[in-house]
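*Asks:* The following block contains a protein sequence and its predicted model.
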Amino acid sequence: MITPAAALSAIPSGLRDPLLAEYREITRNYAEHRWRPSELSGGFFCEIVYTILHGYAAGSYAASPDGPKNFPEACRKLENNTHVPHSFRILIPRALPALYDIRNNRGVGHAGGDVDSNHMDATLVLAMANWVLAELVRVFHTLPIKEAQALVDALADRRIPLVWEGGSMRRVLDPSMKLWEQMIILVASKSGGVIVTELFDWTGYDNKSYFMKTLREFHAKRWIELAKDETTLEILPPGADQAAQIVARADVGAGRRK
């Protein structure tokens, strides 16, 4: 059976391995609702793909990814390579600047803005990265589109995400986690503010007093910003960092159980 790495064997490992690793990171972060890391990965993914397309046209690949200073202009120059497949000359070079720009000029790269666009942008990053990688596989291994997409799908990290979402309900799927861990993970999983009563329902906990005491402790630690009327809250950078550490520990534990 052809593996994704084998399908891209014409690309040197110094570019192929980062490409596959970055794609896995995008799919993994998206599955875990970690929108910002997913979007930031999209920028590096673009730089890797650009380096591959440039090397393919030149007949000589760089040893490692090399992002040009003027990324849009560099991609436009790829259109001059009339001896390469149409997707390598027109389609991918025109898609990459849009994907790259999400990192630089949207919510992921800078604070501010009227609406938090991270979730929406992360969805676009995932879809575009999926298409670009499938096209690379198709061209390099001369596969039909359906088979190329099947190979790319096999790359995606299919582990059960830590947080399940169904309608307005969310659940941490590891019931062995402590309450405070579940609370901070659930808050981090949602883009924007969280309604306190919803968070209480998501935990499935029955002691409201202890739940609120924990939220106030989070607020004191600057993990969250709890509204004065204690009806809504929003995660702060230290809280997001705590959530990331919990996810990392969960990943290690899952790896040991395999």
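*Replies:* That came through fine. Quick caveat: nothing in here was measured; it's all calculated off a predicted structure. Residues are numbered from 1 along each chain as shown.

*Asks:* Look up how far Tyr30 lies from Gly167.
*Replies:* Noted for Gly167: a distance of 19 Å to Tyr30, by Cβ to Cβ, to the nearest Å. Every residue, glycine included, has its C-beta placed from N, CA and C.

*Asks:* Please apply the same query to Gly239.
*Replies:* From Gly239 to Tyr30 the distance is 20 Å (Cβ to Cβ).

*Asks:* and if you look at Thr3?
*Replies:* Distance, Thr3 to Tyr30, using Cβ to Cβ: 22 Å.

*Asks:* These two: which is more packed in?
*Replies:* With neighbours defined as other Cβ atoms under 10 Å, Thr3 and Tyr30 compare such that Tyr30 has more, 23 against 12.

*Asks:* helix, strand or coil for that one?
*Replies:* Here Tyr30 is helix, with the state taken from DSSP: H, G, I helix; E, B strand; the rest coil.

*Asks:* quick one: the helices in the protein?
*Replies:* Remark: helices assigned in the chain by DSSP state H are 4-7, 13-31, 35-58, 71-77, 86, 92-105, 118-141, 145-155, 179-188, 196-203, 208-220, 237-257.

*Asks:* I'd like those helices as a markdown table, with distance to Glu230 and mean pLDDT appended.
*Replies:* Converted to a markdown table, these look like this (distance: least, Cβ to Cβ, whole Å; pLDDT from 0 to 100):
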| stretch | distance to Glu230 | mean pLDDT |
| --- | --- | --- |
| helix 4-7 | 49 | 77 |
| helix 13-31 | 31 | 87 |
| helix 35-58 | 26 | 85 |
| helix 71-77 | 45 | 96 |
| helix 86 | 58 | 95 |
| helix 92-105 | 35 | 85 |
| helix 118-141 | 25 | 85 |
| helix 145-155 | 44 | 72 |
| helix 179-188 | 14 | 93 |
| helix 196-203 | 6 | 97 |
| helix 208-220 | 7 | 97 |
| helix 237-257 | 16 | 71 |
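
*Asks:* Out of these, the one nearest Arg171 is which?
*Replies:* Judged by Cβ to Cβ, the one of the helices of the chain that comes nearest to Arg171 is helix 196-203, at 6.5 Å.

*Asks:* pLDDT score for the closest residue to Glu47 other than its chain neighbours?
*Replies:* Distance criterion Cβ to Cβ, 6 or more residues apart in numbering; nearest residue to Glu47, sequence neighbours excluded, is Gly67 at 3.6 Å. According to the prediction, Gly67 has pLDDT 85.

*Asks:* What count of nearby residues applies to Gly67?
*Replies:* Neighbour count for Gly67, taken as other Cβ under 10 Å: 14.

*Asks:* List the contacts of it.
*Replies:* Contacts of Gly67 were listed using Cβ atoms under 8 Å, 6 or more residues apart in numbering, and they are 44, 46-47, 50-51.

*Asks:* So which of the residues you listed is surrounded by the most neighbours?
*Replies:* Counting neighbours by other Cβ under 10 Å, Cys46 comes out on top of the contacts of Gly67 with 29 neighbours.

*Asks:* where does that residue sit relative to Gly167, distance-wise?
*Replies:* From Cys46 to Gly167 the distance is 34 Å (Cβ to Cβ).

*Asks:* Next: Thr27.
*Replies:* In this view, Thr27 and Gly167 are 23 Å apart by Cβ to Cβ.

*Asks:* Comparing those two, which residue is more hemmed in?
*Replies:* Counted by other Cβ under 10 Å, Thr27 and Gly167 do not tie: Thr27 has more neighbours, with 22 against 5.

*Asks:* Looking at this structure, which residue reaches furthest from the middle?
*Replies:* Ser209 (35.7 Å; Cα atoms, centre = their mean).

*Asks:* now that one: how far from Ala98?
*Replies:* For Ser209, the distance to Ala98 - Cβ to Cβ - is 50 Å.

*Asks:* do Trp202 as well
*Replies:* Using Cβ to Cβ, we find Trp202 at a distance of 35 Å from Ala98.

*Asks:* And Asn207, by the same measure?
*Replies:* Distance of Asn207 to Ala98, computed by Cβ to Cβ: 48 Å.
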